[in-house]
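Fold the following and give me the result.
(one chain, ligands or ions: 1)
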Amino acid sequence: MSIETHDAIVIGAGFSGLAILHHLREIGLDTLVLDAQDGVGGTWLANRYPGVRTDSEYSYYSFSFSKEVRDEWSWSQRYPAGREVLSYLNFVADRLDLRRDIRLNTRVRAARYDEVDNTWTVEIEGGAPVVAKYLISGMGVLSQPIFPDIAGIDTFAGEKYHTAYWPRDGVDLAGKRVGLIGLGASGIQIVPEIAPLVDEFVVFQRTPNFVVETTNDAVTAEDMAWLRDNYDAIYEKAANHPFGVAMEPARFSALEVSDEQRRSIFESKWNEGGFHFANECFNDLATNHAASELASEFIRSKIREIVKDPATADLLSPKTYSFNGKRVPTGHGYYHAFNLDHVRLVDTASTPITAITPTGVRVGDTEYELDVLIFATGFDAMTGTLTNIDIVGRDGITLRDRWNRDGLKSNLGIGVHGFPNFFMSLGPQTPYSNLVVPIQLGAQWLQRALRWARDNDVDVFEATQESEDWWAGETERTGKATVMYTEGKKAKAWFLGDNVPGKPEAFLVYMGGGQVYQQHCRELEESGYEAMRAPSRVAEPVV
Ligand code: N01
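Down below sits the predicted model:
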């Protein structure tokens with residue numbers, strides 16, 4: 001029986017998988033995309049919880065490479081809802097005729113490199129294996145959900161949901177007593193959406209967040225016409241911004257202006273909302289602790305203004321770390337929701353959750369009775385999807401064991417030594433960014449790399465050990481120069497791996513700036529991919 005063979009196999013049919021399929025097809029590579037879900041969309045298909053939407057604005061949260069898609073797709077809101085992003089990705093799949101090379105309901109169990117044939121064999125749950133020269137991960141960075149390790153979690157007799165496994169048909173929460181554990185970006189989006197629907201809402205908070213509220217204006221036909229005329233410039237702006245947003249980087253320090261000027265700048269960017277606050281106020285909110293603390297105090301003052309009950313406002317105000325210590329979430333009426341009488345904030349930092357019981361959640365000795373319990377407890381970020389299956393490189397070592405043994409290593413988050421012809425879209429140590437930008441630029445980089453390999457008869461790309469050591473050093477050096485390190489440690493941020501008990505702490509993302517990262521990718525390309533061409537092994541003589 002002959003085995004099904006392709007030039008490239010991509011795992012994941014989200015933003016990454018769609019972009020890569022399109023770009024590899026353009027250079028004539030026979031590419032197959034495999035995805036465990038029953039539709040395209042990746043994270044946007046999985047995360048269907050109430051309130052899910054982009055934290056990036058529509059104008060730079062989409063691909064720029066297809067004129068057809070740009071001309072024919074219209075967004076309806078400044079921060080599109082999850083279902084609209086999912087529709088967009090379905091539109092992309094249809095418009096670019098991608099579906100014929102996407103196989104859904106297909107869960108990859110393992111992938112093994114064969115040194116003799118220089119191929120990857122991909123094992124599929126309940127199906128025949130498929131083989132390809134190139135294996136590419138588009139499995140997503142926040143796609144391996146985690147549940148908290150709380151005693152009795154399986155005993156809860158009511159309805160239990162994780163934000164990343166939300167039922168397709170939705171959940172009827174009307175008139176119910178609902179509890180929520182987890183207040184990162186996901187929990188923060190859920191709170192204002194479901195608060196008006198439920199009878200009682202108990203929000204269990206372990207660590208408060210600095211939420212920047214925003215408004216969600218309608219996108220008009222004129223806005224879309226303007227965007228179509230200016231798309232390339234907007235995309236370029238986002239690509240040149242450290243965090244991949246189409247904004248002008250701020251030019252001066254929070255410490256070099258008067259108190260009055262600072263307040264006025266904070267106020268105006270707070271009014272613009274969302275990522276404008278973190279990116280456009282001052283140039284040192286991510287690098288200087290005193291500046292980050294000034295932003296923290298401004299947001300605390302906003303919380304006190306919005307939340308009527310002073311004790312609740314105080315609890316919602318982070319004090320153990322400062323602004324940027326966690327990925328800054330965008331709020332859509334988050335703080336206002338706590339003014340509703342039936343919304344109750346329970347502090348589980350001072351008195352921890354002791355158990356989940358069949359009827360609710362116990363905090364210290366107090367039991368909160370609930371009909372529904374929602375977990376917005378996050379993900380094993382950046383590496384979780386890659387270590388959850390067996391990706392087996394040279395000498396039979398899995399990526400999981402390689403990283404356990406040697407620490408997190410990659411060349412630019414794209415390739416790993418010992419894993420020839422294996423590429424990652426948004427692998428660990430890629431930029432901390434609006435992700436659509438590195439996804440698109442990464443797909444274009446890969447297109448050029450694989451075309452070059454074909455034109456130059458190069459059969460194997462494999463990151464050198466030196467390149468991995470260099471990039472691990474760069475990632476650590478640049479990361480440690482930010483408050484994301486000092487404050488992120490205090491806040492147990494996912495980008496340090498500190499949100500997963502037992503996970504070794506490491507910078508899982510590159511904090512040195514998306515534009516600097518892209519420059520490194522260009523240099524790698526211009527060098528003839530030198531650092532991706534580990535010396536090939538010479539076969540041992542047979543005695
Ligand atoms: O997950 P998180 P998320 N007991 O890890 C709590 C992206 N995203 O899904 O802080 C009690 O941020 C934990 O508490 P603490 C975005 O990049 C994007 O919200 O550890 N609580 C925390 O509050 C984001 O940063 C968008 O004390 C426990 C929460 O669970 C990333 O995904 C939308 C606990 C987890 O927060 C992750 O966001 C949504 C325990 N044992 C997400 N364990 C958009 O832009 C965990 N927690 C659309």
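
and the stretch 251-400 of the chain, which residues reach the ligand?
Counting by CB under 6 Å from any ligand atom, the positions of the stretch 251-400 of the chain adjacent to the ligand are 327, 348, 353, 376-379. C-beta coordinates here come from the backbone N, C-alpha and C atoms, glycine included.

What is the distance between stretch 422-442 and the centre of its chain?
Computed by CA atoms, centre = their mean, to the nearest Å, the chain-centroid distance of stretch 422-442 equals 10 Å.

Please report how far Thr215 lies from the ligand.
As for Thr215, its distance to the ligand is 16 Å (criterion: CB to the nearest ligand atom, to the nearest Å).

Thought His276 was touching that residue, still the case?
No - under the criterion of CB atoms under 8 Å, Thr215 makes no contact with His276, lying 11.6 Å away.

In the stretch 101-250 of the chain, which residue sits closest to the ligand?
Across the stretch 101-250 of the chain, no residue is closer to the ligand than Gly184, which sits at 2.1 Å (CB to the nearest ligand atom).

coming back round to it: tabulate the residues of the stretch 251-400 of the chain next to the ligand (JSON lines), appending neighbour count, distance to Met424 and secondary structure.
Below are these laid out as JSON lines (neighbours: other CB atoms under 10 Å; distance: CB to CB, whole Å; DSSP: H, G, I helix; E, B strand; the rest coil):
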{"residue": "Arg327", "neighbour count": "20", "distance to Met424": "20", "secondary structure": "coil"}
{"residue": "Thr348", "neighbour count": "18", "distance to Met424": "36", "secondary structure": "coil"}
{"residue": "Ile353", "neighbour count": "20", "distance to Met424": "35", "secondary structure": "strand"}
{"residue": "Ala376", "neighbour count": "22", "distance to Met424": "26", "secondary structure": "coil"}
{"residue": "Thr377", "neighbour count": "22", "distance to Met424": "25", "secondary structure": "coil"}
{"residue": "Gly378", "neighbour count": "23", "distance to Met424": "21", "secondary structure": "coil"}
{"residue": "Phe379", "neighbour count": "22", "distance to Met424": "16", "secondary structure": "strand"}
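
separation between Ser258 and Ala278?
Counting by CB to CB, to the nearest Å, the gap from Ser258 to Ala278 is 22 Å.

Which one of the two is surrounded by more residues?
Taking other CB atoms under 10 Å, Ser258 and Ala278 do not tie; Ala278 has more neighbours (23 against 8).

who are the neighbours in contact with the closest residue to Thr464 other than its chain neighbours?
Excluding the flanking residues, the one nearest Thr464 by CB to CB, 6 or more residues apart in numbering is Ala534, at 4.7 Å. Applying CB atoms under 8 Å, 6 or more residues apart in numbering to Ala534 gives the contacts 417, 420, 462-465.

Would you check which pair of those residues lies furthest apart?
Within these, two members stand farthest from each other by CB to CB: Pro420 and Gln465, at 13.3 Å.

neighbour count winner among these two?
Neighbour count, other CB under 10 Å: between Pro420 and Gln465, Pro420 has more, with 26 against 15.

so how far is the ligand from that one?
31 Å.

Near the ligand, which residues of this structure? Just list them.
53-55, 142, 148, 150, 181-187, 189, 206-207, 327, 348, 353, 376-379, 492, 494, 499.

now the strands: where do they sit in the stretch 301-450 of the chain?
For the stretch 301-450 of the chain, the strands defined by DSSP state E, counting those that start in this stretch occupy 330-331, 343-347, 353-357, 360-363, 366-369, 372-375, 390-392, 422-424, 430-431.

hang on, the earlier thing: adding pLDDT, write the residues of the stretch 251-400 of the chain next to the ligand out as CSV.
CSV is the format used below for those (pLDDT from 0 to 100):
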residue, pLDDT
Arg327, 97
Thr348, 98
Ile353, 98
Ala376, 98
Thr377, 98
Gly378, 98
Phe379, 98
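
Kindly indicate which of those lies nearest Glu125.
Comparing these against Glu125 with CB to CB places Phe379 closest, at 21.4 Å.

What is the neighbour count of the nearest residue to the closest one once chain neighbours are set aside?
Nearest residue to Phe379, sequence neighbours excluded (CB to CB, 6+ apart): Leu142, at 4.3 Å. If you count neighbours by other CB under 10 Å, Leu142 ends up with 23.

Pull the contacting residues for Ala246.
Ala246 touches 57, 59-60, 234-235, 237-238, counting by CB under 8 Å, 6+ apart.

Which members of the residues of the stretch 251-400 of the chain next to the ligand are the farthest-apart pair?
Spatial extent of these (CB to CB) is set by the pair Arg327 and Ile353 at 23.1 Å.

Mind pulling up the pLDDT for the residue nearest to Thr464?
Listed pLDDT for Ala534 reads 89.

about what we covered before: take the contacts of Ala534 and lay them out in CSV including pLDDT and distance to Thr31.
Output for the contacts of Ala534, formatted as CSV (pLDDT from 0 to 100; distance: CB to CB, whole Å):
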residue, pLDDT, distance to Thr31
His417, 98, 24
Pro420, 98, 18
Glu462, 98, 20
Ala463, 98, 22
Thr464, 97, 26
Gln465, 97, 29
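
For Asp117, state which of those is nearest.
The nearest member of the contacts of Ala534 to Asp117, counting by CB to CB, is Pro420 at 11.4 Å.

list the contacts for the residue of the stretch 101-250 of the chain closest to the ligand?
Applying CB under 8 Å, 6+ apart to Gly184 gives the contacts 209, 326-327, 329, 376, 378, 494.

and of these, the nearest to the ligand?
The shortest approach to the ligand among these belongs to Gly378, at 2.6 Å (CB to the nearest ligand atom).

residue contacts, that closest one?
Contacts of Gly378 by CB under 8 Å, 6+ apart are 142, 145-146, 182, 184, 186, 494, 499.

Where does pLDDT dip in this protein?
Scanning the chain for pLDDT under 70 picks out the ranges 536-543.

Can you pull the domain assignment for it?
As given by automatic domain parsing, the domain ranges for the chain are 4-40+98-144+381-461, 212-375.

mind checking the end-to-end distance for the last one?
Looking back up the chat, that one is domain 212-375. Taking CA to CA, to the nearest Å, domain 212-375 runs 22 Å from one end to the other.

now stretch 339-355
From its first residue to its last, stretch 339-355 covers 28 Å (CA to CA).

and what of stretch 335-347?
First residue to last in stretch 335-347 (CA to CA) measures 15 Å.

How about it, which residues are buried there?
For stretch 335-347, burial by neighbour count (16 or more other CB atoms under 10 Å) applies to 335-338, 343, 345-347.

Good, wrapping up.
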